[in-house]
Every structure is written in C-alpha cells, then in structure tokens.
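Visitor: build the 3D model from these lines:
(one chain, ligands or ions: 2)
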Amino acid sequence: MNKEINFTLNDELVTLSVPVHKTLLQVLREDLYLTGTKEGCNAGECGACTVMIDGKPMNSCLTLAVEVDGKNVLTVEGLAKNGELHPLQQAFLDVGAVQCGFCTPGMLMSAKAVLDEIPNPTEEQIRTGIEGNICRCTGYDRIVKAIQVAANRRSQKV
Ligand code: FES
Ligand code: FES
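Guide: Numbers count the residues shown, from 1 in each chain. Ligands and ions are numbered 1, 2, ... in the order given. All right, here's what the predicted structure looks like:
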C-alpha cells in the first residue's frame, strides 16, 4: 500500500507516493537518488544513515518514509550552499577527517546537530554528540578535531 507524503527535503518541497513499509533511507537512496546518506547496519547501531529531521539527528534506517510527512529533512546533500562547502565539510577535509569516508555523511549530520545546539562544545560534548556514529577506520581524533576547527572558525567570524 502506498501513501502520498509531502515534506521539505534540503529546502525543497517534495511530494511523493511511497510504500508504507519503506524506510526514509530506502526512499532517499532508491527513489530520490540521494546516495550521500549511507546504509551500514540497517539496525540503528552505526549512524551511517543519520539525517536531520526537524533539526534533530535521526537514523533514517529506523524511520519510515511516511513518518516525515509534513516535516523538514536535511541530508548531507543539503549542507553545501551556493557551491560552497558547509564549514564542517571544509574542516573535515582540512584536517583529514574523511578517512574512508563511509561514516562521514552521518558524522557530519551529527556534528551539525552538536554545533547547532552548542556553538563551542567541549571535546567531551563532541564525543557524546557523535557517539551514535561508528567509524571503523582509524578512530575519532581527526573527526573530533575537525568539529573543533569548524566551531573555532565560526566563533572567530562572529
Ligand atoms: S544504517 Fe542506520 S544506524 Fe546503521
Ligand atoms: S571514515 Fe571510514 S568508517 Fe569512518
């Protein structure tokens, strides 16, 4: 059975008929071809599929597409604006925090949620904010550093 849903995706209104059993992750990747959001565990444990729904980081593998009807969804594709990388994306590149890159999209969304809530987070607050995102490469030090760099750059601009 399908249901029509309307939601805002990366600042654009989307109307879509979706099977009621399909997850948001499946709809993003298979129907909307937004493959930046990654599928890892498909069980809510790795954070690779993290997107923001109404400003909160959520696992899109555990969210049915019909649940975002009327909501605001931001994926990694919506971070860059006017051809410019989001400050977090730039910082990840600058400090070498994109290691294999598979966890990076979800990590960026959780990092954005941290900085939206706490403009100058401590290392502990950053680590807590990304604790649902698993990186299986080389560890978290560069990722944490990148988030600190993005926060510092932003506070220097204000
Ligand atoms: S794919 Fe969603 S938490 Fe792992
Ligand atoms: S960069 Fe490879 S899993 Fe994190």
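Visitor: shaky segments in this structure?
Guide: 158 (pLDDT under 70).
Visitor: residue contacts, the spatially most central residue of the chain?
Guide: Nearest to the mean C-alpha position of the chain, by C-alpha atoms, centre = their mean, lies residue 109 at 2.7 Å. The contact partners of residue 109, by C-beta atoms under 8 Å, 6 or more residues apart in numbering, come to 50, 51, 52, 57, 74, 75, 76. The C-beta positions use only the backbone N, C-alpha and C, and glycine is treated the same way.
Visitor: that one belongs to a strand?
Guide: No. Counting by DSSP: H, G, I helix; E, B strand; the rest coil, residue 109 is located in no strand; its state is helix.
Visitor: interface residues of the protein facing ligand 1?
Guide: 39, 40, 41, 42, 44, 45, 46, 47, 48, 49, 59, 61 (C-beta under 6 Å from any ligand atom).
Visitor: what is the nearest of these to residue 115?
Guide: Using C-beta to C-beta, residue 47 comes nearest to residue 115 of the residues of the chain next to ligand 1, at 16.5 Å.
Visitor: where does the closest residue to that closest one other than its chain neighbours sit: helix, strand or coil?
Guide: Leaving aside its sequence neighbours, residue 47 sits nearest to residue 133 (C-beta to C-beta, 6 or more residues apart in numbering; 3.4 Å). The local conformation at residue 133, judged by three-state DSSP, is coil.
Visitor: this structure - how does it break down into domains?
Guide: With domains defined by automatic domain parsing, the chain comprises 2-78, 87-157.
Visitor: next to ligand 2, which bits of the protein? Give me the list.
Guide: Within the chain, the positions lying close to ligand 2 (C-beta under 6 Å from any ligand atom) are 99, 100, 101, 102, 103, 104, 135, 136, 137.
Visitor: thinking again about what came up before, report the buried members of the residues of the chain next to ligand 1.
Guide: Buried members of those, counted by 16 or more other C-beta atoms under 10 Å: 39, 40, 46, 47, 48, 49, 59, 61.
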